[in-house]
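*Asks:* take this sequence and fold it.
(chains A and B)
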2 protein chains.
Amino acid sequence: MFSALDLVRRIASVELTPRDVIDRCADAIAAHEHNIGAFAALDIEAARRAAQAPGLAMSPLAGLPVGIKDIFDTADLPTAYGSPIYAGHQPKSDAALVAMVRRAGGIVLGKTVSTEFASLQPAGTRNPRNPAHTPGGSSSGSAAAVAAGMVPLALGSQTAGSVIRPAAFCGVAGYKPSFRLLPTVGMKCFAWSLDTPGLFAAGVADLAFAASAITGRDLRVDRAAPAAPTIALVRTSIWPQASAEMQAAVETAARRVEAAGARLQDLQLPALFDEAAQAQAVIQDYEAYRALAYEIDHHRDRIGPVLGVQLDKAAAIAPETYDEARRIARRARREFANLMAGIDVILTPSAPGAAPQGLESTGSPAFNRLWTLLGPPCINVPGLVDTSGLPLGVQIVGRFARDRIALEAALFLQRALE
Amino acid sequence: MFSALDLVRRIASVELTPRDVIDRCADAIAAHEHNIGAFAALDIEAARRAAQAPGLAMSPLAGLPVGIKDIFDTADLPTAYGSPIYAGHQPKSDAALVAMVRRAGGIVLGKTVSTEFASLQPAGTRNPRNPAHTPGGSSSGSAAAVAAGMVPLALGSQTAGSVIRPAAFCGVAGYKPSFRLLPTVGMKCFAWSLDTPGLFAAGVADLAFAASAITGRDLRVDRAAPAAPTIALVRTSIWPQASAEMQAAVETAARRVEAAGARLQDLQLPALFDEAAQAQAVIQDYEAYRALAYEIDHHRDRIGPVLGVQLDKAAAIAPETYDEARRIARRARREFANLMAGIDVILTPSAPGAAPQGLESTGSPAFNRLWTLLGPPCINVPGLVDTSGLPLGVQIVGRFARDRIALEAALFLQRALE
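*Replies:* Okay, here's the model as predicted:
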């Protein structure tokens, strides 16, 4: 894997040029893409041309190549949203976040595979850690491309667990920022109250660097040793759904951060948060039935079986049921803010376990739904593996809009696991 | 003007067919469109074909023709977002709200003129009440098309004052629902925290009927006499910016509702709400600089002068300034909920006065910014005119997510003005 920060430092010291970085990514793509299938569209020659732009090395992203989940519109590459309905579709403009990546001096190397409309409908990408396993979804291609060293950075999105889960399965760092920190404009919508753009990179400091460069916010965590945070260990009521190895990984992470100087406490979530996790599914499906109304009404036969059944059921959700789910979400967000008083971050599983075998499922977002609904920053921290060598991701969940603190705590955890 | 409810009742009694309604709209378009310029695209023949669909008369919208602001994507009509950058652009799919209109049995008759990206940059539509005056903006074409009897219903959107102001200037009923009641998916984004789709119709009961039909929610107010509401008269701190005739119109409306049995009280807003009105502009412009990043970075020379200067200035807004504006917005929303305890709705001006002369400006959204930021339902109620016969709109502002109560109070006011 390429560390974005390391590459930028080497570009700054003129040890590498932006063009050299593109070439290294092209080499990795030539070596691995036929086994992995991370890309839906690629234009390496265009990236090489873009890498010649004068002054690029001085820009915030210094010409780093970026993989863009194929759920974001791009004016120069086709965008199919993972759906045969949009095969070959060429948008007129870049999504806002894509334009912001380019503004910051990032180079779009290609579009990475998304599951169909970023849903649970599996796509064909394989896990670089073991190609017999799913890379997770829906940001399958972005997580796999970073894990295989084909790009140092990639954009994804999460509506239930589509950033944190594939990052965990592929053993990379993944960041779902606070809701609305990154714009969804020009990103195919699944559920407007939940869809959250996110980032993938080799490590936590790379994520924080990229988020700073793209947003112009002070989110970097690489300029001093991370402070020891106050961490709440949250097993959640679905702890029994986590594999024994995942449970052990979380306990290991807890012991390591405590040994490194973090203040650790147990936190049990009130029952309201179980209601909130269920409300996530209601809100998601009610909104998806409307967000995808055109596709459902005109192309129902070209929607995959998993997503199709989900949308058929969604048609029956009454506005009153949706409104009640939104009220639960509002109460849970308020209660979450209270719970987090005196706590910097939460430590909790990123997924029920390692990446499941086979490509028939992208795995379960059960350990992500609640956090996506609540809206705080979530970071998958890589470093732990199961007995077969597959990554076991644990996540840091911060306070809403306190993204830098969450990233710093995630870096603290990453170092404690090294 | 055509009342949507009246047309639907006549279709139900087989006095009219959906095709007859299209023909009447076509007659009005033939008579007035060359003077008004309400449409950016029209397909009357396609609408006539759609009107033959079996069972259409039994659908919620009974085949009523609808004008769609040209900021919403349509799969069968070009969508230019009011910008030369997108001249002739043909989206692949319908915006979610357009698909919901069709699901409900509405027929898309044409795209109505939007100002450039729904901004303050004026477009060419004229006011049907007096073609020497602006129809207001940015939903210029939708308000004018309904006012001229060219459609019974139209979709618009409001980021500052783009539904309520043109409705007021054109003397039609306009409805900006609670934030997120109608989806923005597939609508060109200007500012994601503010953009709110809305509706235009002849009268308040028509709006409530259409909103019910499109959303499947119980929002109708035509089945019983509207209950007498508790109304707070809010002059706001910018009252001196309202013309003498507008001030008199609001006072007249207050006297009439009181005479009709409403409980009326004065309400002075705390200073926080002045800060909130200013925060609206900060949030709007910060987000627009990102939402329109592609257009700014690739087609700056094809952006109109009013919008161009606004976006150039927006580039300088720091993330911290934006974050502070969002904190003010959150505080103001909480305080607004407290203020409204015991009050059903607010009565306040829709605009500083009647439609200004000329097409060089679409008028001021000063009396709309605060309410768009707070997110509650707003309804422009027509019925009053100035000495020259131009409409003077007053608005009803409800409590967040209490849209039916707000619509009922608006109908109460409309009847009191008749």
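
*Asks:* residues contacting residue A:160?
*Replies:* When contacts are counted by CB atoms under 8 Å, 6 or more residues apart in numbering or on different chains, residue A:160 is found next to A:120, A:194, A:280-281, A:284, A:365, A:368-369, A:372. Using the backbone N, CA and C atoms, a C-beta is placed for each residue, glycine as well.

*Asks:* any idea which helix or strand carries it?
*Replies:* Using DSSP states H and E, residue A:160 is not contained in any helix or strand.

*Asks:* next, count neighbours for the nearest residue to it once chain neighbours are set aside.
*Replies:* Excluding its sequence neighbours, the residue lying closest to residue A:160 (CB to CB, 6 or more residues apart in numbering or on different chains) is residue A:365, at 3.8 Å. Here the neighbour count serves as a burial measure; for residue A:365 (other CB atoms under 10 Å in any protein chain shown) it reads 24.

*Asks:* specify which member of the contacts of residue A:160 is nearest to chain B.
*Replies:* Using CB to the nearest CB, residue A:194 is the member of these that sits closest to chain B, with 12.2 Å.

*Asks:* quick check: that closest one touching residue A:281?
*Replies:* No. Taking contact to mean CB atoms under 8 Å, the distance of 10.1 Å between residue A:194 and residue A:281 leaves them out of contact.

*Asks:* okay, the two: which has more neighbours?
*Replies:* Between residue A:194 and residue A:281, counted using other CB under 10 Å, the more crowded position is residue A:194 (22 against 18).

*Asks:* contact partners for the more buried one?
*Replies:* Neighbour list for residue A:194: A:159-160, A:280, A:283-284, A:287, A:372-373 [criterion: CB under 8 Å, 6+ apart].

*Asks:* for chain B, see how far away residue A:233 is.
*Replies:* Look at residue A:233 and chain B: by CB to the nearest CB, to the nearest Å, they are 30 Å apart.

*Asks:* report the beta-bridge partners for that residue.
*Replies:* Counting by DSSP bridges, residue A:233 forms beta bridges with residue A:266, residue A:347.

*Asks:* quick one: residue A:248 is in a helix?
*Replies:* Yes. Secondary structure assignment places residue A:248 in a helix (DSSP: H, G, I helix; E, B strand; the rest coil).

*Asks:* count of residues packed around it?
*Replies:* Neighbouring residues of residue A:248 were enumerated by other CB under 10 Å; the total is 14.

*Asks:* same question for residue A:193.
*Replies:* Using other CB under 10 Å, the number of residues around residue A:193 comes to 19.

*Asks:* residues contacting the closest residue to it other than its chain neighbours?
*Replies:* Of all residues not flanking residue A:193 in the chain, residue A:283 sits nearest, at 5.4 Å (CB to CB, 6+ apart). By CB under 8 Å, 6+ apart, the contact set of residue A:283 is A:191, A:193-194, A:322, A:325-326, A:329, A:373.

*Asks:* again, only this time at 7 Å
*Replies:* A:191, A:193-194, A:322, A:325-326, A:329 (CB atoms under 7 Å, 6 or more residues apart in numbering or on different chains).

*Asks:* what confidence value was assigned to the nearest residue to residue A:241 once chain neighbours are set aside?
*Replies:* Sequence neighbours aside, residue A:352 is the residue nearest to residue A:241 in space, at 5.2 Å (criterion: CB to CB, 6+ apart). What the model reports as pLDDT for residue A:352 is 98.

*Asks:* residue A:352 against residue A:244, yeah?
*Replies:* No. If you go by CB atoms under 7 Å, residue A:352 and residue A:244 don't touch, sitting 11.0 Å apart.

*Asks:* neighbour count winner among these two?
*Replies:* Set residue A:352 next to residue A:244 and count neighbours by other CB under 10 Å: residue A:352 wins out with 21 against 9.

*Asks:* not counting its neighbours along the chain, what's nearest the residue nearest in space to the middle of chain A?
*Replies:* When chain A is reduced to its mean C-alpha position, the closest residue under CA atoms, centre = their mean turns out to be residue A:163, at 2.2 Å. Counting by CB to CB, 6+ apart, the nearest residue to residue A:163 once its immediate chain neighbours are dropped is residue A:198, at 3.7 Å.

*Asks:* please list all residues in contact with the one you found.
*Replies:* A:156-158, A:163, A:174-177.

*Asks:* out of these, which is most surrounded?
*Replies:* The most crowded member of the contacts of residue A:198 is residue A:174, carrying 35 neighbours; neighbours defined as other CB under 10 Å.

*Asks:* then the host helix or strand of that one to CSV, C-alphas only?
*Replies:* Mapping residue A:174 onto the secondary structure by DSSP H and E places it in strand A:173-176. Only the C-alpha atoms of strand A:173-176 are listed here, as CSV (Å, rounded to 0.1, in the frame of the first residue of the first chain):
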residue,chain,number,x,y,z
ALA,A,173,-8.1,2.9,6.9
GLY,A,174,-11.6,4.2,6.2
TYR,A,175,-13.2,7.5,7.3
LYS,A,176,-16.9,8.3,7.4
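
*Asks:* that strand pairs with which strands?
*Replies:* Each strand paired with strand A:173-176, and its direction, by DSSP bridges: strand A:196-201 (antiparallel), strand A:378-385 (antiparallel).

*Asks:* redo the ones you listed as CSV? Include distance to residue B:126 and mean pLDDT.
*Replies:* Putting those into CSV (distance: least, CB to CB, whole Å; pLDDT from 0 to 100) gives the following:
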stretch, distance to residue B:126, mean pLDDT
strand A:196-201, 41, 98
strand A:378-385, 52, 98
